[in-house]
Each structure stands twice: as structure tokens, then as C-alpha cells.
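[1] Got a sequence here, can you model it:
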Amino acid sequence: MHDDTSPSTPDGQARSLSAVLDEVVRAGKSLAAADVARTRALAEAGLLALNVIAGQRASSRAAELALREIASELAAAENLSDRSLQRQITRAMTLVDDYPATLAAWEAGLLSRTHAHVIADIGGEIPPDTRSELDRLAVALAPGLSPGRLRSRLAVLAERLHPTTLTERHARGRETRGVRVVTGDAGMSDLIATLPTVLAVGIHDRLTQQARAIIDHRDAVTDPVPTALADERTTAQLRADIFADLLLTAAPEADPTRGDDGPGTLGAIRARVQVVVPALSILDPGTENADPAHLVGHGPVDAYTARTLAESTATPWDRVLTHPVTGAVLHTDTYHRTSAIDRHLRARDRHCRWPGCIVPAVRCEVDHTVDHALGGPTAVANLAHLCQRHHTQKQFTRWKVRQLPGGVLEWTSPTGRTYTDEPLPYSPAVRFLPDDLAPPDPDEAPAPF
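    Below is the predicted model:
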């Protein structure tokens, strides 16, 4: 019988990849168990340091020196930095003492080291006596989420455990804002601005859009350009150059989109941010911790900032106000989407729908799950946001996707494994309506957007 599954055939490659994937998963679980064993050992080393000063006149200085002494011993044995070992010991003690469920899930291979560190980082912002609740929530939430998505969602849940509101903490945090220069090598330096997150994300987004406009214009030019004059700057380099131009000259220099001596299109580009604001966060600020506003891809936003954005008509942002009314499914018979469909998709998806990706929806492309050319309708049940990277991967690799009810995407890998990506859940207020649309009579059919 002829065997058509050699490594050179698609079926053979899929089987080989499947075997490699199984081995990677097995090795990952073994590594997780070893990592946890080392974490417990490091926590034990920290406990030994505490025992050194037991019975003595305890002080923070004495504890620091005892821990440094033991960290130096371990670092010398492993050829590592004693500062690094000291940080590892401190984190290990925190995980063992405050996050036993997280540690157990990590040991079983259900979580990775990165997941566990995300949980500990988020927990560092809440009172110690509430960390057991965060530990429980995190272990229930983490399966199926990438570390980036876990951080974003866990940060929202952690708000409920804070004794003070995010608005109060943000007011204190704003006192730390500033700009500083850190001198680097080769005549380079880092200019670091500490700003409210919404402003920082908006600045970065505007720089990204302007950089992409230059790249798009560059790619569209068909006339040959001398090699010495060719613009080969990357997006990161263009962000830096435009940033300097804007601060030093108040306008992007050498705007290639300019057709004459007048201003080009770069200056007209404005930042885009996506903030989800539950209605109660606006109407009743006291509910902020239970139902915080959320900057997509980054975390909670204080209620004052959220209300300011919601009331603004000049800020180009996506206002998504949750409302306890179920709306009708939106659709159109043409390829082009309505603005209502786009609003609905941004509210539903919030970020790229590839499993684990956290690129905000405002920076993604809307993709027909079933290609429009193959009969796929332009309906919310056949549309989803994908970032450029994952949109390309869907089109040009063997990955397949189908959309299930409720906007759930089921991805199938080349080896036949399936991965499900669900829209992020909202609080009980789960439907979004335009500001001027009153809730319909419950006895009547649901009103569309």
C-alpha cells in the first residue's frame, strides 16, 4: 500500500508538527513542575533568611542584609546576579505565601511562569488580606487566556478588591507625572514621560498612524528612487522621528504626503483610543470598583477620566456604554459595513480575535469570517476584528476559522487542534445603544442599533 503521509506531504507535515507540538506541551508541563520546585526552594531560602534574624532585634535593614547574604550564596552557585536572585526569592515567597492556588495550577502545567508572575504583579497593587480572593479568581479565569489578556481582565477584577476607588488612586498617581532623560550609549538617550495611561496610549497611537501613513505613501510611489535617498525607516524609527519633530517644531517635518508647499496629511491625524464605559460608572460613581471603565488592551480607567471622555464630543474615541437591553443582530446586504455595524463590532470584540492577541480593535481590520467573495454576508455574525498580522495568517496559512453564535470564533490549526476565542464578557449590562436611543418597551421587539 502506498504511504502518502511522508514528511514531504501536507498530511505528513501536519503529523510531524502534531508530534512536535505534543512534545513541546509535555516539555512545558515538565518545565512548569521544575519551575515550581525551584520557586518553593527559593521561598525556603527566604524563610531561612528570616530565621537568621529571629530572636534578634528585627529591622528592615537586618532583614535586607540577611536576605542579601543568602541570595549571594545562591547566585554564586548559579553564576547569576545576587540582585536578580534576591528579586526571585522575594517573588517566590509572595507566590508561596499568598497564591497557593496559582502555584498549584502552575505546577500542574495549567498555567505558565508568565501567567503566575502576572497574577503576582496584579496582586501587588491590592491589600495583602485580599490576595486569597484574587488567587481564587485568577485560577478560575486564566485557562485559555494569554498572559496579556489575563493581565487586562484580572486588573478589572482586582478593582473590586481595592479599599479605595481608581479615581482616588489615579489622583495620587498623577502627582508622579513628569519627563526625564536617561542617558544611553552611542550618543542615544531615552526620553521617558510618565503620563495618565489614556494620554500615553493616545500619543503612541497617533505616532503609529502617522508612521504608517508615511510607509503607505512610500510603498505607493512607483517612480524609482536613488538608493541613497530611499527612505527605509521602520515604524519604530518613524515614531521616534515624528515624536521629535512634533515636540521641537510643532509639526511633522518632511511630510511625504504633502502635494505642495502646504500642510500634508500627517498633522490632521488624531489619536484613537477605545474605552469601554459601563453606564453605572457614569451615573453612579460609587460603583466604580465593582464595574470599572476599561481602556482596551491596557486596563481599568478611573471614573473621572471615563466620564470626561463620555461627555466629550471633540475626542475621537469609541464610546461604548453598556445597557441592560438586548438589541437585534445587525446586517447589510452589501460588502460595505454601516457605522452601526462597526460600533457594534468594536463593542463586542474590543481587540483582535486571534486567541491571545490584545491589539485593540481600533487598530485592527474587520474581516469577513467567510470571505464575501465566497458568499459570506456582511453581518456581525460573519465579521470580526483581526490585526494585520493575524488577518494575513488567516488568509495565507492553513489556519481555519468559523464563527459560532455569540461572536465566538473557533480556530483550527494545521494539525487539527481547535482553539476557541470568546468576546470578553461585560457586567450584567451587556448591550450597547447610541446615546439618543431610549430603551424599547420590553413587550416590543428589540430595537436595532
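[2] where along this protein do the helices fall?
    For the chain, helices defined by DSSP state H occupy the ranges 10-52, 60-78, 82-98, 100-107, 113-123, 131-141, 147-158, 166-174, 197-220, 235-249, 279-283, 303-311, 339-349, 388-396.
[3] Among those helices, which comes closest to N382?
    For these, proximity to N382 was assessed by Cβ to Cβ; helix 339-349 is nearest, at 10.7 Å. C-betas here are computed from N, CA, C, even on glycine.
[4] Report the buried residues of the closest one.
    Applying a neighbour-count criterion of 16 or more other Cβ atoms under 10 Å, one finds I341, D342, R343, H344, L345, R346, A347, R348, D349 buried in helix 339-349.
[5] and what of stretch 384-401?
    Per 16+ other Cβ under 10 Å, stretch 384-401 contains these buried residues: A384, H385, L386, C387, H390, H391, K394, V401.
[6] Show me where the stretch 301-449 of the chain has its strands.
    Along the stretch 301-449 of the chain, counting by DSSP state E, counting those that start in this stretch, strands occupy 317-323, 331-332, 365-368, 378-379, 383-386, 400-404, 408-412, 418-421, 431-432.
[7] any idea which of those scores lowest on pLDDT?
    Here the strands of the stretch 301-449 of the chain differ in mean pLDDT, and the lowest is strand 431-432 at a mean of 34.
[8] pLDDT below threshold where in this protein?
    1-12, 14, 52-60, 222-223, 225-229, 253-265, 276-291, 297, 309-336, 425-449 (pLDDT under 70).
[9] gap between D241 and A384?
    In this view, D241 and A384 are 34 Å apart by Cβ to Cβ, to the nearest Å.
[10] now A250
    From A250 across to A384, the span is 39 Å (Cβ to Cβ).
[11] Test my guess that L48 contacts I70.
    Yes: using Cβ atoms under 8 Å, L48 makes contact with I70 at a distance of 6.1 Å.
[12] which strand residues sit across from A379 in the sheet?
    H331 (DSSP bridges).
[13] Tell me how many other residues crowd it.
    17 (other Cβ atoms under 10 Å).
[14] coming back round to it: of the buried residues of stretch 384-401, closest to T183?
    C387 (34.8 Å).
[15] Just give the nearest non-adjacent residue to S146, would you?
    With Cβ to Cβ, 6 or more residues apart in numbering as the criterion, S146 has its nearest non-adjacent residue at 3.1 Å, and that residue is G356.
[16] number of nearby residues for H117?
    16.
[17] I'd like the distance between it and L166.
    23 Å.
[18] What of R131?
    To L166, R131 is 18 Å away according to Cβ to Cβ.
[19] same check, this time on R149
    R149 is 20 Å from L166, by Cβ to Cβ.
[20] Tell me which of those two has more neighbours.
    Using other Cβ under 10 Å, the more surrounded residue of R149 and L166 is L166, with 24 against 21.
[21] The more buried one contacts A306, correct?
    No: using Cβ under 8 Å, L166 is not in contact with A306; the gap is 9.4 Å.
[22] show me the contacts for I192.
    Residues counted as contacts of I192 (Cβ atoms under 8 Å, 6 or more residues apart in numbering) are V179, R180, V181, V182.
[23] Return the distance of the first one relative to L154.
    V179 sits 30 Å away from L154 when distances are taken as Cβ to Cβ.
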